[in-house]
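[1] Provide a 3D model corresponding to the input given below.
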Amino acid sequence: MDELELTTTTENSSNQSPRIAPIENPRSIKLKLAYWLTKKKMGKVITPIKVVQARMTDTLSLSQKLMSIEKNLSLSKDLVFYIKSYIATLNGCSFCIDIAKAAAEDEVEIQKYEQLLNYQSSDVFSKAEKTALRYVEQVTLEKEVADPLFEELQRYYNDTEIVEITWLNATENYYNLINKPLQIGTDNLCSV
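    Numbers count the residues shown, from 1 in each chain. Prediction:
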């Protein structure tokens, strides 16, 4: 990947409005509770809830389950953050970049984050991290991975970790493929 500015994608889509109007005042008790909990946790009701979950309430429990699984992954929190942010950036999902940064704001080195798009030539990423990022990049862009890269991944990660990296990549693509076409941009959750 060419040298890129990490903020370019976020800036390009932050001025867009969602293609489907957010529902500000839901009628169902379940949604009212979800709105309240999100506002309490994040300071505001996030746009995907107002656009997607407000119209497909069953996806609320799916999102909660995915977040619960992610919290219990054996991968380091840093690697989880870098994979999610990198995939969101590749896919141009400014909402997902913003929420990932906000979630990890106190836990991730900002200098390292700023080199994420140039991870291949950066000295701050380990060989294992670079291999994981090349793997998710290839899977995201090509939907498959070459044997030499998979074998390299096996040098650094055990079978469970490889499955977790693959699952994390798939779930991030899932969110990106909902938010991006509906033009759900950043909610400015991250202060950095």
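
[2] contacts for stretch 182-192?
    With Cβ atoms under 8 Å, 6 or more residues apart in numbering as the test, stretch 182-192 has contacts from 10, 13-20, 42-44, 46-48, 51-52, 94-95, 97-99, 101-102, 105, 110, 178. In this view, the C-beta of every residue, glycine as well, is placed from N, C-alpha and C.

[3] just stretch 60-74 next, same as before
    Residues outside stretch 60-74 that contact it (Cβ under 8 Å, 6+ apart): 30-31, 34, 49, 53, 80, 160-161, 164, 167-168, 171.

[4] including secondary structure, could these go into JSON lines?
    Output for the contacts of stretch 60-74, formatted as JSON lines (DSSP: H, G, I helix; E, B strand; the rest coil):
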{"residue": "Lys30", "secondary structure": "helix"}
{"residue": "Leu31", "secondary structure": "helix"}
{"residue": "Ala34", "secondary structure": "helix"}
{"residue": "Ile49", "secondary structure": "helix"}
{"residue": "Gln53", "secondary structure": "helix"}
{"residue": "Val80", "secondary structure": "helix"}
{"residue": "Thr160", "secondary structure": "helix"}
{"residue": "Glu161", "secondary structure": "helix"}
{"residue": "Glu164", "secondary structure": "helix"}
{"residue": "Trp167", "secondary structure": "helix"}
{"residue": "Leu168", "secondary structure": "helix"}
{"residue": "Thr171", "secondary structure": "helix"}
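
[5] Ile87: what's it in contact with?
    Ile87 neighbours (Cβ under 8 Å, 6+ apart): 136, 140, 169, 172-173, 176.

[6] which positions in whatever helix or strand it lives in come out as buried?
    Assigned by DSSP states H and E, Ile87 belongs to helix 77-91. Within helix 77-91, the residues that count as buried by 16 or more other Cβ atoms under 10 Å are 78-91.
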